[in-house]
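Visitor: Okay, here's the prediction I keep looking at, along with the sequence it came from:
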Amino acid sequence: MNASSPTPAVSSVVAPLSSLPDFDPRLVPVVGVDTHLPAVPLAAQTPEALRARFAHPPLWEPEVLLEKKFMNREPAHASVLLAIMLREQPTVLLTERTAHLSTHSGQVAFPGGRADPGDATPADTALREAQEEVGLAPEFVEVLGTLPTYVTGSSFIITPVVALVRPDCVLQPNPYEVADLFEVPLAFLLDPANHRRHVFDLDGVHREWFSMPYQDTRKNHFIWGATAGMLRNFYRFMQA
């Protein structure tokens, strides 16, 4: 992934960072923090403002679109739910994946997954997967729209589906898939002063990514990779 501009597709397959012995993304040096960029105003983060933004989207360009490929497999479509919880101060719902999963184990992620043949739209996929993963019933969800697709190094073509979620919903994480469930203030994620840039070079392969570490009362959640990239695109959409 290139954090500063979309990266052209690469012909060769490079090893996933998660396969490297003792690789820990938290230990990769930070090369920059975007304190020079403006935060999205709080007035733009209200339910009414979010609805209006998706009803009349601005002209804008996503910043992060494509990771360097590390798996020879047929592309597969997937969707994630960028769920904005309508608390007194809005938050974004995130999960920590269980350690035994075959892809992105232990990482912070949005609820979501692979599209099924019965899903008519990316939103259908996101809503179905969110219900299966975290017990979020669709009647509590108001879909606002989608962001541009994001292609992972494992050849998943992911559509982020942005939605508002009523705070009276009851969440029941699937223990097979979800090790932890937490919320991050929307204002924190839409402030680029919290967006850190990392660079990692190995065997002639150059990788860049964002991270957005968030400390709550229980632990430090390390948001990075595809999840951080999609959040960065959401920031660009909101700031445009």
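Guide: Yes, it's here. Residues are numbered from 1 along each chain as shown.
Visitor: buried residues in stretch 217-230?
Guide: 221, 222, 223, 224, 225, 226, 227, 228, 229, 230 (16 or more other CB atoms under 10 Å). (Each C-beta comes from the backbone N, C-alpha and C, glycine too.)
Visitor: if I pick the first one, what's in contact with it?
Guide: In this structure, residue 221 makes contact with 94, 96, 108, 182, 184, 213, 214, 215, judged by CB atoms under 8 Å, 6 or more residues apart in numbering.
Visitor: mind putting these in TSV, secondary structure, neighbour count and pLDDT included?
Guide: Formatted as TSV, those follow (DSSP: H, G, I helix; E, B strand; the rest coil; neighbours: other CB atoms under 10 Å; pLDDT from 0 to 100):
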residue	secondary structure	neighbour count	pLDDT
94	strand	23	97
96	strand	19	92
108	strand	24	93
182	strand	16	96
184	strand	20	98
213	coil	15	96
214	strand	20	97
215	strand	8	94
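Visitor: Which of the buried residues of stretch 217-230 scores worst on pLDDT?
Guide: The lowest pLDDT within the buried residues of stretch 217-230 belongs to residue 225, with 88.
Visitor: Now do the phi/psi pair for it.
Guide: Note on residue 225: backbone dihedrals following degrees, to the nearest 10 are phi 60, psi -140.
Visitor: what's the pLDDT at the residue nearest to it when sequence neighbours are not counted?
Guide: Once flanking residues are discounted, residue 225 sits nearest to residue 209: 5.7 Å by CB to CB, 6 or more residues apart in numbering. Looking at residue 209, its pLDDT is 88.
Visitor: Doesn't residue 209 lie inside a strand?
Guide: Yes: the assignment for residue 209 is a strand, going by DSSP: H, G, I helix; E, B strand; the rest coil.
Visitor: Which of the contacts of residue 221 sits closest to residue 59?
Guide: Set against residue 59, the nearest of the contacts of residue 221 by CB to CB is residue 184 (27.8 Å).
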